[in-house]
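# I need the structure of the sequence given here:
(one chain, ligands or ions: 1)
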Amino acid sequence: MHAWPASEVPALPGRGRDLRIHDTATGGLVTLTPGPVARIYVCGITPYDATHLGHAATYNAFDLVQRVWLDTKRQVHYVQNVTDVDDPLLERAERDGVDYTSLAEREIELFRTDMTALRMLPPREFVGAVEAIPRIVPLVERLLEGGSAYELEGDVYFSVDADPHFGEVSGYDAATMRQLSAERGGDPERPGKKNPLDPMLWMAARPGEPDWDGGPLGRGRPGWHIECVAIALDHLGMGFDVQGGGSDLAFPHHEMGASHAQCLTREHPFARSYVHAGMVGLDGEKMSKSRGNLVFVSRLREQGVDPGAIRLALLAHHYRGDWEYTTAVLDEAVARLARWRAAVARPEGPEADTLLRQVRDALADDLNAPAALAAVDGWAALQEREGGRDTGAPGLVSRTVDALLGVAL
Ligand code: ZN
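Numbering: from 1, shown residues only. Prediction:
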């Protein structure tokens, strides 16, 4: 499917540093050294509700990764999926009495609009689960042939014990895995499985649910993890630089995906690093569909909030920490945007080469966006207080904020 239009990334003088970032698999900071084309896969939405701030915070983190890479004069190959058939989508469509495909189409279009407004760089490939089915089926067949998968009453399961590296992405112990499997779409209680953690690769057709031709697998639909593996292997191949998503994807989703791919290719690793963004909360609870405590990007935009302010609200929090959204967070971002715009609107100002270096250093250091914002705040305050004689400075600040933070001043 088509993605969304790209906003232009202005060129900056010199080049940025290589990105050091927290890798969940090693549990520490790693310096990423991609080739001339950096490869990143970020898990996409299940389109049954519009983009909430939790989604936006995750995509903001991985947008920064790309902006840092672009600033090192690399190209970026970014792939994102859309889980356009899955239980939560079907359940929502049933609840609302609507066709699931029209619900998905509407929400995907809203997501594109939100991403465009927030100036998130679009993926080169934006691929739906349904359109990936012809690529998924042969992978499931290969896993069956290789003994890494098995059939259970017409469904096909992946055998986590087939991958010697299983568990290395999340690093969780067995009890935690079992608990998270039950909470996050797995079925550890189902009798007949070889290991309670084994995830489904292919679900045989169920009455009243959509299904597709799976060739020798029979009619049915794909599991969630194999969907992302098929799309990532198809477009990026093994050993790509970053597998990204929210921290709730580390297990089971990214753990299972890595194991699927490693069993399929007999290569390791699936991704060279696994990067996870924190969760956004509201009123003391994680923002989630099941709790119904969502703040939608589209709703804020309808209320007249500048998308640049929404982006600044996200950037004011380190991507890795969990944080709480409040109206004060947004008010602060609105005020900051106004201060920055006023500062760059003047024909001259204090020199800004130092600022560019500070923003680059902050982002290269595990995407420390709050430190980058503080640096721009500092320049804007100096501009307001003392001004300056550098006629190139306001333009350079504008381009720095646009290219590295994705905010148009
Ligand atoms: Zn995924």
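# Run through this protein and note the low-pLDDT ranges.
In the predicted model, the chain carries pLDDT under 70 at residues 287-290.
# Name the residues of it found near the ion, please.
Within the chain, the residues that sit near the ion (C-beta under 5 Å from the ion) are C43, C228. No exception for glycine: its C-beta is placed from N, CA and C like everyone else's.
# and the chain, what are its domains?
The chain breaks down into these domains under automatic domain parsing: 20-286, 297-405.
# end to end, how far does the last one reach?
From the first residue to the last, domain 297-405 extends over 18 Å; the measure is C-alpha to C-alpha, to the nearest Å.
# want to try TSV for the domains of the chain, with mean neighbour count and distance to P10 as columns?
As requested, the domains of the chain are arranged in TSV below (neighbours: other C-beta atoms under 10 Å; distance: least, C-beta to C-beta, whole Å):
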stretch	mean neighbour count	distance to P10
domain 20-286	19	10
domain 297-405	18	4
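# Looking at the ones you listed, spot the one closest to P13.
Proximity to P13 (C-beta to C-beta) singles out domain 297-405 among the domains of the chain, at 7.4 Å.
# For the closest residue to the ion within the stretch 251-400 of the chain, which residues are in contact?
Distance from the ion to each residue of the stretch 251-400 of the chain (C-beta to the ion) is smallest for H253, at 5.5 Å. Applying C-beta atoms under 8 Å, 6 or more residues apart in numbering to H253 gives the contacts C43, R184, W224, H225, C228, G245.
# residue ranges for the helices of this protein, please.
Residue ranges of the helices in the chain, as given by DSSP state H, are 53-71, 87-96, 100-117, 129-145, 174-183, 224-235, 255-265, 297-302, 307-315, 327-344, 353-364, 369-385, 393-405.
# which among the contacts of H253 gets closest to P199?
When these are ranked by distance to P199 (C-beta to C-beta), H225 comes first, at 5.7 Å.
# For the closest residue to the closest one other than its chain neighbours, give me its contacts.
In space, H225 comes closest to M256 once its chain neighbours are excluded; the distance is 4.0 Å by C-beta to C-beta, 6 or more residues apart in numbering. For M256, the contact set (C-beta under 8 Å, 6+ apart) comprises F158, V160, P199, H225.
# For L12, find the nearest of the domains of the chain.
Comparing the domains of the chain by their distance to L12 (C-beta to C-beta), the top pick is domain 297-405, with 5.4 Å.
# Provide a list of residues in contact with I310.
Each residue near I310 by C-beta under 8 Å, 6+ apart is listed here: L53, A56, L118, V297, L300, R301, L330, A333.
# Now with 6 Å, please.
Listed by C-beta atoms under 6 Å, 6 or more residues apart in numbering, the contact partners of I310 are L300.
# cool, and E332?
E332 makes no contacts at all, as judged by C-beta under 6 Å, 6+ apart.
# now with 10 Å?
Contacts were defined as C-beta atoms under 10 Å, 6 or more residues apart in numbering; by that measure E332 touches A309, L312, A313, A316, T326.
# my guess is L29 contacts N368, does it?
No - using C-beta atoms under 10 Å, L29 and N368 do not qualify as a contacting pair, with a distance of 11.5 Å.
# Find the nearest non-adjacent residue to the spatially most distant residue from the centre of the chain, please.
The C-alpha centroid of the chain is most remote from R389, which lies 41.4 Å away (C-alpha atoms, centre = their mean). Beyond its immediate neighbours in the sequence, the residue positioned closest to R389 (C-beta to C-beta, 6+ apart) is E348, lying 5.6 Å away.
# How about the contacts made by the one you found?
The contact partners of E348, by C-beta under 10 Å, 6+ apart, come to Q383, G387, G388, R389, D390, T391, G392, A393, P394.
# What residues are bridge-paired with the closest residue to V30 other than its chain neighbours?
Closest residue in space to V30, ignoring its immediate chain neighbours: D23 at 4.6 Å, by C-beta to C-beta, 6+ apart. Note on D23: beta-bridge partners G28, judged by DSSP bridges.
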